[in-house]
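[1] My questions concern the predicted model and sequence given below.
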Amino acid sequence: MAPAPLLPVHPPNGPDPIVQPQKSQKQMTKAERRELQERQRAAKAAAKSAAGPAGNQGKGGAKPSAPPTPVPKKPGKSEALPKPPLTPGGRTKDRSASISEPAAGNARGLRIFSHFGLPKPVSVAKGDIHPAILRLALQFSNFKITGGNARCIATLTAFKTVIQDYTTPPNTTLSRHLMTYLSPQISHLVAARPMSVTMGNAIRQLKLEISGSDIDLPEQDAKNALFQKIDTYIRDRILIADQVIEETAGNKIKDGDVILTFARSSVVQKVLLGAHEQGRQFSVIVVDSRPMMEGKKLLSVLATAGIKCTYVLLPAVGAVINEVSMVLVGAHSIHSNGAVYSRAGTALVAMMARQHSVPVVVCCETYKYSESVQLDSFTKNELAPVGDQFCPFPLVKSPSDLTLQNRARLEILNPLYDLTPPTCITAVVTEVGVVPSNSISSIPIALGRLL
Amino acid sequence: MAEAQAAETKFEIFEAYNRILRDDEMSPPLAAILSLTELIANSQAGTMFELVKELNDGAEELKKHTANPMSLNAGCELFIAFVTLFPHESDSFAQLKTELIKQGQKYASEAISHRNKIAELMLGFIKDDSVILTHSYSRVVMRALLHAHKTKRISVYVTEARPRGLGIRTYEALTSAGIPCTVVLDSAVAYVMDKVDFVLVGSEAVVESGGLINAVGSNQMAIIAKAASKPFYALAESYKFHRLFPLSQYDLPTHNPSILSFPTISPRPSGSETSSAGVSPHNVQSNQANGSSSTPSRLVQISMTSEQIARNPEVDYTRPDLISLVFSDVGILTPEAISQYLVAMFAG
Amino acid sequence: MSPDPQTLPAGTQRFVEALVAKLRRRQVVGSREAALETVLVLRQLVSKARFSNIEQLISLIRAVGRRLVEAQPKEHSVGNTVRKILHHIREEYNTASKGTASSSTKPVYSISTFVLQGQPRKHNVAPKSEATLSLKENDPDDPDSFARVLKPVLMEAIQDVLDELETVYDNVSKNAKDHIHSDEIVLTIGNSKTVESFLKGAAHYRNFTVIVAETGPSYGGHSMARALSSAGISTFLVPDSSIYAIMSRVNKVIIGAHAILANGGMFAITGSLLAATAARVHSTPVVVCAGQFKLTPLWNLYHDYGALDFADPSSVLGFEEGALVEKVDVLNPYYDYVGPELVDVFITNDGDHPPSSVYRLIKETYDDDDHEL
């Protein structure tokens, strides 16, 4: 297991705000020491100016001289949060006391977003990680492979290689030991990027298959059986499911329709291409947004196929929504209350569509179903790395206008996902049928098994 | 003798009113104002107090004879308020009366041009290729649509507006002017609402709350427009501004207990299907309120009897939060502005 | 329609043309800048103009105003400033001429005027001159006497307008601390100077957090975030896609406006509609900070698709994308229309107003005749 991850987005007083994987201990102690210093200095200053007359703007006057306010270190995985320093005499309306208030305010502001999973640098692998997994983890953390389906397929394919190279140690069986062998590999992947629901469901299914494999089978046969199961899973739950969804959703597209889609969903891409091949005349509006700007990829695929496309950024949705006949989006996962967890920005598009009575159709395979009920986008989310390494700003913007890194009192957050409430969704198209969003919990029943 | 004279005057006012209304362009409130001016001309009153009393009596008389007095009320109220607040500069009362009569007639003649002003204001809000939904027949809406048709392409859905079916009149007028028009069932308004760009209605009266009184069906349309997020515009000349604050549909002066009442059930022998009053020209067979069993012929169009129709309201009240804007000759007003306007206007 | 060159003094013609050119080439950036420049040009014009009655002056200013508005119809503050100055001029004239022209024509009291009484009462600007000046209109012997006497008063009035424009930011942020409480989380978008000064004003007294949305494709949010953090406000910069995600934690949405329309709606930078709608869904209050010079007495602009100014598409999809650029359509609207039902309050340099009373403000600030210049 990698050491306690140093969250590179450091509190806004850090001596160097640049993302750097470092030995955590030294950094923390340095911050602690500095914090203590600031606390003492602030207390002294507060005591002094509390006596003096409340002259000019306290904050303005005192601030430039005082160093940037101390802030408790980002907790990340650590439990205890050092309490913000309090002025002697509690918080009063006295402006001089406001020196300590920023510290508390900062702490509160940071705490709200502190549980987001920040991108972690792929540190040195602990233990014996298969090179296929190493490669995959690197691809994940560099966002070379994105999208629920793609990540799941890549993971399962990598696992096939791992299983092939695995040999059962003596005195134990494949069905029991393989799982313990795979666990550190999985953890390494999770360290690169938090696990997607698709990966989670697939791995759970894999574990089930492994534990159910026959002890008496010779090793290679057992492995082949597992390969068979993995291939079947990919084929049935993803590829064929996509075909069914493509057909079902494609039937909803009529000639002359204007379809709006957000970012890039592999399923939606298949639906649109399929409908186009069937000869339906429609046009597509692709809405895109930072931090991922994946819409451009979808745009080039659709444009090359000959579909008439328009490309806008997310803030322009209000201007185009009047012309739209249907909104088609994909999902990362779908929850039992019907809420859809998808790329950040989907909720905004769905909300605007609802305001204008445009139907919102979500294309989602059943293996993306997650039993948890998520209430808002904060419970579980992921942040993209800061800056424009993998998603450049348009060339017309000079970099001096842009803020690409954290600075004093300024933090950049790039949440990757958000939650669309079930009220904004008209229908969910799955391979078992079209369901309204609040009947999603009936999917497991429809499949006759527990997902 | 005073009574005979009074009877003469009374009789005169309603006759005058009807006579004036024969002009197609004249609307009830204007006709009311003009008939009130005629009353002044024939009046024997010697003081302002008496005159105002006579005017009030005349207005009451008009109201009594009209089934739907809403817009008429507005016009009378406006004129009487004007008369009451008119500054007395002239010495002789007769001179004052002549002045009032002149003012009344001048206003009525100007008022016809108000419709053009409103049509002009409306023009800016109509885009090319607009699809407009309107209700029943309204002269000011007709003027606005015909005016827009000169420079822009529009198409219009109009509701049938039962039971009087005035929507058909709108349909014929628009089609003969070359505007594509379709008549829509009153019950199909929700079906058609998503295709529509905005809703445009006329008005009988615009009231103090900022709401609208218009032919029954307008409230329904406004609610559906709100649900579909479509703008709802009302056109109202300034003489339709009325000092009334209905709290609900049933607070309207046109509401009476017989509306929406349940009939007393008198037992009839089964099998009797013919009735006394079938109204619709397409009627083949009509039914009682409680009886049924019509022969299942496809072409049968069953219609309401006039008794049943009488149980239904003629006008309804639309709440101000459902209305986007009111276009009037004094400008474009939001519903909040209307209430402030009315207060300011009648405060003197 | 260019103004009659004979009536325009030669010197001012140049100034007017210069401003017209700048407006057309979009070299004047920002509504406040446009308003300031307009005031300066009009001040020049009035000081050098020759007129013997008030009508001439007004038609002169209207002609110039028309020209300026035509140069850049989407920059509404230009027209608004012209209307405001006309309003002030008429006020001053009416006060000044009260002494001389005894109510020559008694207003004809007719039903129409009775009906028009319903109009909101005019906002009476405190007149500059207490003493009633003796104004001789159309004096054949001394045609300049009228102008000579009236000009100082008019110049003062125009100076008032200029002062108001220059102190817009201070006045808007005057009561900022009453609107923002401690530990609030405020969401803002784009790069509005008015909002920036409002937040900085509140930051002197309160401790709060600001989340700034990037606002593509102009990405004005970046400059805003830097400015706020330099002022000591703890700031987060997020992309537009996360507006809905974080809205559940936001206490207030504070945005700027480009122009406020007569029905209480407004034009604001694209992205404002998203933020305001998301706020409405979460029942979060939406506060708009704008100077009074942004009040526009026009109604029907939002029905024109063309009312949304469009900017260059290369900010959205640039040529670095290669061949893709010619296969697709790219839209880059610069403004959004936000309806009055989405805004809770307008904070202007003249106080706080709900959207429903905007029409009344407009009636008070401008004259009806000037709605169409």
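    Cool, got the structure.

[2] Only C-alpha atoms from now on, for both contacts and neighbour counts.
    Noted.

[3] In chain B, where is pLDDT below threshold?
    The model of chain B has pLDDT under 70 over residues B:1-11, B:88-91, B:267-298, B:347-348.

[4] show me where it has strands.
    Applying DSSP state E to chain B gives strands spanning B:130-135, B:154-159, B:181-184, B:198-201, B:205-207, B:212-215, B:232-235, B:241-242, B:315-318, B:325-328, B:331-333.

[5] export the ones you listed to a markdown table and tack on mean neighbour count and distance to chain A?
    Formatted as a markdown table, those follow (neighbours: other Cα atoms under 10 Å in any protein chain shown; distance: least, Cα to the nearest Cα, whole Å):
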| stretch | mean neighbour count | distance to chain A |
| --- | --- | --- |
| strand B:130-135 | 23 | 13 |
| strand B:154-159 | 24 | 18 |
| strand B:181-184 | 20 | 21 |
| strand B:198-201 | 24 | 13 |
| strand B:205-207 | 29 | 29 |
| strand B:212-215 | 26 | 25 |
| strand B:232-235 | 24 | 15 |
| strand B:241-242 | 28 | 33 |
| strand B:315-318 | 24 | 23 |
| strand B:325-328 | 24 | 20 |
| strand B:331-333 | 18 | 25 |
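
[6] Any chance of CSV for those strands, columns distance to chain C?
    CSV is the format used below for the strands of chain B (distance: least, Cα to the nearest Cα, whole Å):
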stretch, distance to chain C
strand B:130-135, 11
strand B:154-159, 15
strand B:181-184, 22
strand B:198-201, 11
strand B:205-207, 14
strand B:212-215, 18
strand B:232-235, 13
strand B:241-242, 9
strand B:315-318, 18
strand B:325-328, 8
strand B:331-333, 8
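
[7] Out of those, which is closest to residue C:16?
    For these, proximity to residue C:16 was assessed by Cα to Cα; strand B:331-333 is nearest, at 32.4 Å.

[8] Now do the same contact list for residue C:237.
    A:410, A:411, A:412, A:413, C:211, C:212, C:213, C:214, C:221, C:222, C:225 (Cα atoms under 8 Å, 6 or more residues apart in numbering or on different chains).

[9] Any chance of the strands of chain B in TSV with distance to residue A:244 as columns?
    TSV is the format used below for the strands of chain B (distance: least, Cα to Cα, whole Å):
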stretch	distance to residue A:244
strand B:130-135	38
strand B:154-159	40
strand B:181-184	40
strand B:198-201	39
strand B:205-207	56
strand B:212-215	51
strand B:232-235	43
strand B:241-242	61
strand B:315-318	48
strand B:325-328	48
strand B:331-333	54
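
[10] Centre-most residue in chain C?
    residue C:294 (1.7 Å; Cα atoms, centre = their mean).

[11] that older thread, which of the contacts of residue C:237 has the most neighbours?
    residue C:225 (33 neighbours; other Cα atoms under 10 Å in any protein chain shown).

[12] Return the set of buried residues in the lowest-mean-pLDDT helix or strand in chain C.
    Here the helix or strand of chain C ranked lowest by mean pLDDT, DSSP states H and E is helix C:111-116, holding a mean of 71. Buried residues in helix C:111-116, counted by 16 or more other Cα atoms under 10 Å in any protein chain shown: C:111, C:112, C:114, C:115, C:116.

[13] For whichever helix or strand comes after that helix, which helices and strands make contact with it?
    On the C-terminal side of helix C:111-116, the nearest following helix or strand under DSSP states H and E is helix C:145-166. If you count contacts as 3 or more Cα pairs under 8 Å, 6 or more residues apart in numbering or on different chains; DSSP states H and E, helix C:145-166 packs onto helix C:31-48, helix C:76-96.

[14] Other residues contacting the following helix or strand past the first one?
    This means helix C:31-48. For helix C:31-48, the succeeding helix or strand toward the C-terminus, using DSSP H and E, is helix C:54-71. Applying Cα under 8 Å, 6+ apart, the external contacts of helix C:54-71 come out as C:1-3, C:7-8, C:16, C:19-21, C:23-24, C:42, C:45-46, C:49-51, C:75-76, C:78-79, C:82, C:86, C:93, C:373.

[15] can you list the residues of the stretch 1-150 of chain B near chain C?
    B:79, B:82, B:86, B:103, B:104, B:107, B:124, B:125, B:126, B:127 (Cα under 8 Å from any Cα of the partner chain).

[16] how much space between the last one and residue B:197?
    Pointing back at residue B:127 there. 9 Å (Cα to Cα, to the nearest Å).

[17] For the two, work out which one has more neighbours and name it.
    The residue with more neighbours, out of residue B:127 and residue B:197, is residue B:197; 19 against 16, by other Cα under 10 Å.
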